[in-house]
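Novice: Prediction below, plus the sequence it came from.
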Amino acid sequence: MTAATFDLMDYDEVLEKYDPVMGLEVHVELSTNTKMFSASSANFGDEPNSNVDPVSLGLPGALPVVNAKGVEYAIKIGLALNCSIAESSRFARKNYFYPDQPKNYQISQYDEPIAYDGYLDVVLEDGTEWRVEVERAHMEEDTGKLTHLGGATGRIHGATASLVDCNRAGIPLIEIVTKPIEGAGARAPEVAKAYVAALRELVAALGVSDARMDQGSMRCDANLSLRPIGQKEFGTRTETKNINSLRSVEQAIHFEMQRQAAILADGGTIDMETRHYQESDGTTSKGRPKETAEDYRYFNDPDLPPVFAPAEWVEEIRATLPEMPWLRRARIQEEWGMKDEEMRDLVNAGALDLIIETAEHGASADEARSWWVSYLSGKANEAGVPLAELSITPEQVARIIALIGEGKLTTKLGRQAADGVIAGEGNVDKVIADRGLEVVRDDGAIEAAVDEALAANPDIVEKYRAGNTKVTGAIVGAVMKATKGKADPAQVNQLIAKKLA
Ligand code: ADP
Ligand code: MG
């Protein structure tokens, strides 16, 4: 398939003419042990069709049973999103045929979701707070997974055969739907990205999902429409489906703004349709025309009773909520005495959690911060990976910091130890042993090096004796060179002072 060409309007021009409106639907797979309506394992990555049962295969007569943990997790998410929790909610059947869905309907919630009317405050890169209002968070089940063979794109178009894996069918999902997000203007793509990032951080902190966008346990559908500046009614939206990275969420919105604007400005109309995002070039392509709710013939699932969430249970669950990520950040900022900008830099650099964890392994917050934001950030840049993906753990960094504190490594040797760990040479202690990085403690060897350096620099010795005791830098440098950086500078200084006293 050749890449489609698009007429795109220049982004600044889009903003002069149009006002973007977004709606984000995020699906989160819950990390329950079993499926939402049956006892099969909900594990990711198992042998295809090994986690199936009569319910998830839709066999005649099989009856679903609600997973209580799934409901509890849904309530947790609802509470964390400041939603009202429905005391009674219902499951409905969303009817449609697709080969990854053996029952021919998906169990979802329709007009009675478990959680509704909430919000999530997100912080943009420059520190601006943005409140995203949440319309609903409802429970449903995931579909199976199709693998299309023989085509160039991995999509069904052009495929010669398709494989069905029902392991994922019936895994609990929470779908979180925002109210229309208006007024973001130029920052619409950034708001979308920040919201999905905050949501991901939140569900991970709640411990209800591993929220791995790369593995599909969290996915985003991004709706976007444009309206002429000043118009009140919304324009027609497109829905870009199953976006699986934060950067792609941002790019998909950006692209749709430019694409739709070019069509509208040319007198055209936007088709209400789903679209696919192309990771490779940041464009979207036509999916299917969007059906309306009527098309799905929703009705209450007669196999499932209403879900009751009495207030006492909701309060019990509320009491188990962890410290919310943004409150934790505020607390740590205060503890560390940091300015807003400093904190934001750490967050934007993806360093905050790494620093916290390093400190939890015994390092001082200052040392931990300095390692992650300077040396290790530099290494991550060099390698072109996000800081968190650098192959060194906070625990290993804490170990290096501890060894420096004990005088067993110098900062320079510590960096070499980090290099070794990042290069995959093993843990800190193994790298130190293999590369021979410990500070030389052998007084004899260091003393000899000091003697040699003093003998080679009579002018410095003279200045020192004349009272200028700050001139020893060159001597220390020479000793460090002679010992290949393994001498302890403090010890070298002591020796120099002793010899010249
Ligand atoms: P669907 O079932 O079609 O996906 P949902 O109600 O689940 O519909 O989600 C639609 C999303 O799009 C919501 O977040 C909603 O706020 C948003 N939305 C609705 N109308 C528009 C529009 N005209 N432009 C942009 N977003 C919209
Ligand atoms: Mg939807």
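Specialist: Arrived safely, thanks for sending. Ligands and ions are numbered 1, 2, ... in the order given.
Novice: Contact partners for the residue in the stretch 351-500 of the chain that ligand 1 sits nearest to?
Specialist: Closest approach between the stretch 351-500 of the chain and ligand 1, counting by C-beta to the nearest ligand atom: Pro386, at 28.3 Å. For glycine as for every other residue, the C-beta is placed from the backbone atoms N, C-alpha and C. Going by C-beta atoms under 8 Å, 6 or more residues apart in numbering, Pro386 touches Gly350, Ala380.
Novice: Arg318 now?
Specialist: So Arg318 contacts Leu79 (C-beta under 8 Å, 6+ apart).
Novice: which bits of the stretch 51-200 of the chain sit near ligand 1?
Specialist: Residues of the stretch 51-200 of the chain lying close to ligand 1 (C-beta under 6 Å from any ligand atom) are Val177, Thr178, Lys179, Pro180.
Novice: just checking, the second one touches Ala198?
Specialist: No - between Thr178 and Ala198 there is no contact, the gap being 11.9 Å when judged by C-beta atoms under 8 Å.
Novice: Not counting sequence-adjacent ones, nearest residue to Ser31?
Specialist: Ser209 (5.3 Å; C-beta to C-beta, 6 or more residues apart in numbering).
Novice: picking that back up, Gly350 versus the residue of the stretch 351-500 of the chain closest to ligand 1, what's the distance?
Specialist: Computed as C-beta to C-beta, to the nearest Å, the Pro386 to Gly350 distance reads 5 Å.
Novice: what's the answer for Gln231, then?
Specialist: To Gly350, Gln231 is 39 Å away according to C-beta to C-beta.
Novice: and what of Ala365?
Specialist: For Ala365, the distance to Gly350 equals 17 Å [C-beta to C-beta].
Novice: Same question for Asp10.
Specialist: 31 Å.
Novice: Please apply the same query to Glu334.
Specialist: 21 Å.
Novice: Hmm, Ile392 and Gly424 touching each other?
Specialist: No - with contacts counted by C-beta under 8 Å, Gly424 stays clear of Ile392, the gap being 10.1 Å.
Novice: Neighbour count for these two, which is higher?
Specialist: Ile392 (23 against 8; other C-beta atoms under 10 Å).
Novice: In which helix or strand does the nearest residue to the more buried one once chain neighbours are set aside reside?
Specialist: Take Ile392 and drop its neighbours on the chain: the residue closest to it by C-beta to C-beta, 6+ apart is Val421, 4.7 Å away. Assigned by DSSP states H and E, Val421 belongs to helix 411-422.
Novice: Measure how far whichever helix or strand comes after that helix is from the centre of its chain, please.
Specialist: Next helix or strand after helix 411-422 toward the C-terminus (DSSP H and E): helix 428-435. Mean-position distance between helix 428-435 and its chain equals 32 Å (C-alpha atoms, centre = their mean, to the nearest Å).
Novice: burial of the residue in the chain positioned nearest to ligand 1, as a residue count?
Specialist: Among the residues of the chain, Gly23 lies nearest to ligand 1; the distance is 2.0 Å by C-beta to the nearest ligand atom. Counted with other C-beta under 10 Å, residues neighbouring Gly23 total 19.
Novice: OK, contacts around Leu304?
Specialist: Residues in contact with Leu304, defined by C-beta under 8 Å, 6+ apart, are Phe37, Pro64, Val66, Arg90, Phe91, Ile107.
Novice: Counting neighbours, which of those comes out on top?
Specialist: Phe91 (26 neighbours).
Novice: In this structure that one contacts Tyr105, no?
Specialist: No - assessed by C-beta under 8 Å, Phe91 is found out of contact with Tyr105, at 10.8 Å.
Novice: just to revisit the earlier point, out of the residues of the stretch 51-200 of the chain next to ligand 1, who's nearest Met272?
Specialist: Distance to Met272 across these (C-beta to C-beta) is lowest for Pro180, with 14.7 Å.
Novice: separation between the closest one and Tyr296?
Specialist: Separation of Pro180 from Tyr296 (C-beta to C-beta) stands at 21 Å.
Novice: now the strands for the stretch 1-150 of the chain?
Specialist: 18-29, 84-85, 88-89, 92-95, 105-108, 115-123, 129-141, 145-149 (DSSP state E, counting those that start in this stretch).
Novice: Out of the ones you listed, which is the most enclosed?
Specialist: Highest mean neighbour count of the strands of the stretch 1-150 of the chain: strand 18-29, a mean of 22 (counted as mean count of other C-beta atoms under 10 Å).
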